[in-house]
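>>> Next input, structure requested:
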Amino acid sequence: MKFEELGLIDPILKALKGLNYEQPTEIQEKGIPLVLNRKDVLGCAQTGTGKTAAFAIPIIQLIEKIERNKPGRPTLRALIVTPTRELAIQIGENIEQYSKYTSVKHAVIFGGVKQGAQVRALNKGVHIMVATPGRLLDLESQGIIDLSTIKMFVLDEADRMLDMGFIHDIKKLLKVLPEKKQSLFFSATMPDNIVKLSNQILHKPVSVTVARVSSAAETIQQYLYYTNRTDKIKVLLHILKNPEIDQVLVFHRTKHGADRLCRDLRKRNISCQAIHGDKAQNQRQKALKQFKEGKIRLLVATDIAARGIDIEKMEYVINYNVPNEPETYVHRIGRTGRAGENGVAITISEPEENAYVKDVERLIKKKIEQVKNHPFPQTDKPMTAAEKKEWNKEKQRRKQEYFANRKKNRTSNARR
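Alright, predicted model coming up:
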């Protein structure tokens, strides 16, 4: 199927052609006609399946047809809510590309920066607003944003939204949105709490499920290195000796660990930046910009910060830690192998993480290819007393950090 067969208007087709979009992905093929026909949609799609275009393109078309010849200041018609600043910015960039030849105006708002520039953009009038929950409710409570004119509402990355403690913000938002509207709900997973939330938002929705979370793109080659905890960085350095790996996204479980790994790599003359929730917004954007432009070789990210990182043709992802939730593994490696491109995902596992590898393999229903011929293989010898003490400290620190972050998110959201 071609995009021309989806009933899209010429200005959008022209923009897509300029982006070298030729064939819609499965979720775009299924979702775009539904949105154009004003249906509520419940979409289950993992990262890298093209779901942003699946809702952004038809929203732009619907607004363009209705608002194009209306005089005066643009009226806010569509609201897209997403959990992180990076993802909000990424969606905004996509909307800018798709709406290039239309009259549709948009703005992106998020916390962590002064609100002045965002307020000025809104005061000029926009048709589409992309927002994170906290800043959105803050501006709405100040009377800066009027949500009564919303006709289309998108809740994106709903599972991550709930993981980050935004459920109370979402419930507050639903109370101030018009009851009569078209709603689109996207989530990578559909546990019971997500289904319950979707029932509160959607009216007679059409379900669209593609690329189940238990599957990774077939274009991604997956490799596994077993090693000891103290040898992890040695394995990483061994992998990086390959000059073809010139741009790689490295996942670390913790913010503290991401910073420490970057310090260790820079000492070895490897250009690297960390990106996580404790970094200021300008730091995160600077690091991401440097990475996209090829000025740094490695970007070390935590899972939440990595949402919204969309690097065209990024080939390599490395899991420095094996995630304890197997679905997270699929999300991580989905940053590569996007839109049919080839990708390579490498995982480094220490003995205490081997069980997590088994969980991942059960979920994806395949064995990850093990790289056996490397200089730092995993040994059967038990940890020394000192190593065990350090490991227990690390586990306790991770636990404390997890609960501290949950408390911080909830407190921050409540203040906003």
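>>> can you list the weak-confidence ranges in the stretch 51-200 of the chain?
Along the stretch 51-200 of the chain, segments meeting pLDDT under 70 are nowhere present.
>>> so where do the helices sit in it?
Along the stretch 51-200 of the chain, the segments classed as helices by DSSP state H, counting those that start in this stretch run 51-67, 85-98, 116-123, 133-141, 158-163, 167-176, 192-201.
>>> now those helices in CSV, with mean neighbour count and distance to Q247?
All C-beta atoms are positioned from the backbone trio N, CA, C, and that covers glycine. Compiled in CSV, those are given as follows (neighbours: other CB atoms under 10 Å; distance: least, CB to CB, whole Å):
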stretch, mean neighbour count, distance to Q247
helix 51-67, 23, 22
helix 85-98, 21, 17
helix 116-123, 14, 30
helix 133-141, 20, 31
helix 158-163, 21, 24
helix 167-176, 16, 35
helix 192-201, 14, 33
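>>> Save those as JSON lines, and put in distance to K279 too.
What follows is the helices of the stretch 51-200 of the chain, written out as JSON lines (distance: least, CB to CB, whole Å):
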{"stretch": "helix 51-67", "distance to K279": "24"}
{"stretch": "helix 85-98", "distance to K279": "10"}
{"stretch": "helix 116-123", "distance to K279": "20"}
{"stretch": "helix 133-141", "distance to K279": "17"}
{"stretch": "helix 158-163", "distance to K279": "18"}
{"stretch": "helix 167-176", "distance to K279": "22"}
{"stretch": "helix 192-201", "distance to K279": "28"}
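>>> Out of those helices, which is closest to R229?
Taking CB to CB, helix 158-163 is the member of the helices of the stretch 51-200 of the chain nearest to R229, at 26.6 Å.
>>> Identify all contacting residues around that closest one.
81-84, 133, 155, 167, 170, 185-189, 191, 193-194, 197-198, 304, 307 (CB atoms under 8 Å, 6 or more residues apart in numbering).
>>> picking up where we left off before, L298: which of the helices of the stretch 51-200 of the chain is closest?
L298 lies closest, by CB to CB, to one member of the helices of the stretch 51-200 of the chain: helix 85-98, at 17.2 Å.
>>> now that closest one against helix 133-141, angle please.
Taking axes from the mean of the first three to the mean of the last three CA atoms, to 10 degrees, one finds helix 85-98 and helix 133-141 inclined to each other by 70 degrees.
>>> start the count at 281, not 1, going forward
Right, with 281 as the first residue, what we last looked at is helix 365-378.
>>> can you give me the offset of helix 365-378 from its chain's centre?
11 Å (CA atoms, centre = their mean, to the nearest Å).
>>> Also stretch 614-631?
Taking mean C-alpha positions (CA atoms, centre = their mean), stretch 614-631 and its chain are 15 Å apart.
>>> Okay, buried residues for it please.
Within stretch 614-631, the residues scored as buried using 16 or more other CB atoms under 10 Å are 614-619, 623-631.
>>> What would it look like as CSV? C-alpha coordinates only.
Extracted in CSV, the C-alpha atoms of stretch 614-631 (Å, rounded to 0.1, in the frame of the first residue of the first chain):
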residue,chain,number,x,y,z
GLY,A,614,13.5,-0.9,19.5
ARG,A,615,15.5,2.3,19.4
THR,A,616,17.4,0.6,16.5
GLY,A,617,16.0,-1.3,13.5
ARG,A,618,13.4,1.3,13.0
ALA,A,619,11.2,1.6,9.9
GLY,A,620,12.8,-1.5,8.3
GLU,A,621,16.4,-0.5,8.8
ASN,A,622,19.0,-2.9,10.1
GLY,A,623,20.0,-2.8,13.7
VAL,A,624,22.3,-4.5,16.2
ALA,A,625,21.4,-4.9,19.9
ILE,A,626,24.2,-6.1,22.3
THR,A,627,23.6,-7.1,25.9
ILE,A,628,26.2,-7.5,28.6
SER,A,629,25.2,-9.8,31.5
GLU,A,630,26.8,-10.4,34.8
PRO,A,631,26.0,-13.6,36.9
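>>> And the average pLDDT for that stretch is what?
Stretch 614-631 carries an average pLDDT of 83.
>>> All good on my end, thank you.
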